[in-house]
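Participant: For reference, the sequence and a predicted model appear below.
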Amino acid sequence: MSETDNSMSSSLATQICDQINQVFTKPTSTPPALTILVEEISGAAARGGQIFVYGVGREGLMLKALCMRLFHLGLSAHCVFDMTTPPITSSDLLIASAGPGGFSTVDAICGVAKSNGARVVLLTAQPESGSAAAKCASVIANIPAQTMADDGMVGSGPLLLPMGSVYEGALFVLFEMVIFKLSQPLDQSPDAVRSRHTNLE
């Protein structure tokens with residue numbers, strides 16, 4: 001790779017990281033998502049509850065990555081629709097994402113979780129959407145990033161991160177911060193976390 005190619009790659013990477021970083025500097029209509037997630041996950045752990053995650057598309061992939069790391073922290077964490085996902089109960093926590101405000105599956109799953117007494121955290125860029133998921137949420141974490149709901153409304157030039165990529169990238173960064181913040185109160189050393197990683201690879 002030439003020096004010019006390296007420079008272009010570095011420039012694009014910087015622009016992408018800057019765009020994601022801006023999400024965390026914007027004011028939100030709720031307490032910071034980091035604060036909400038750390039408190040809710042810590043609370044579930046303290047009461048011996050399980051943690052369930054769900055999102056559609058690329059949002060769902062980010063939540064699966066979070067679920068993996070929660071498991072590595074020693075928590076009982078499950079992705080909705082996995083064959084080994086247990087029933088949700090009143091001591092448990094559902095973390096669901098609906099960047100544009102709501103999706104039919106997210107709405108339905110949040111409704112089931114609420115009807116079984118579980119706490120529901122809804123991650124969204126559109127906290128005032130009035131979606132069924134928002135109405136079922138115990139708490140809403142506002143992530144003020146571009147999603148499919150407002151794609152195309154930003155400026156007139158080509159977007160570096162299209163559709164919901166800013167929101168999805170922000171989820172990845174947010175979840176890494178959550179894991180970092182949880183490791184100390186959960187008393188999990190790097191070696192303990194590493195010991196739970198699969199060896200069937």
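Facilitator: Cool, the structure landed. Quick caveat: nothing in here was measured; it's all calculated off a predicted structure.

Participant: helices or strands up against the helix-or-strand element of the chain with minimal mean pLDDT?
Facilitator: Here the helix or strand of the chain ranked lowest by mean pLDDT, DSSP states H and E is helix 3-23, holding a mean of 88. Applying 3 or more C-beta pairs under 8 Å, 6 or more residues apart in numbering; DSSP states H and E, one finds that helix 3-23 contacts helix 165-183. Every residue, glycine included, has its C-beta placed from N, CA and C.

Participant: pLDDT of the helix it packs on, averaged?
Facilitator: Helix 165-183 shows a mean pLDDT of 96.

Participant: do stretch 46-64 as well
Facilitator: 97.

Participant: ok, and for it, which residues are buried?
Facilitator: By neighbour count on 16 or more other C-beta atoms under 10 Å, the buried set for stretch 46-64 is 49-56, 58-60, 62-63.

Participant: How far away from the center of its chain is the least confident helix or strand of the chain?
Facilitator: In terms of C-alpha atoms, centre = their mean, to the nearest Å, the centre of helix 3-23 is found 23 Å from the chain centre.

Participant: Next: stretch 137-148.
Facilitator: That offset, for stretch 137-148, works out to 10 Å (C-alpha atoms, centre = their mean).

Participant: cool, and stretch 86-104?
Facilitator: For stretch 86-104, the distance to the chain centre is 11 Å (C-alpha atoms, centre = their mean).
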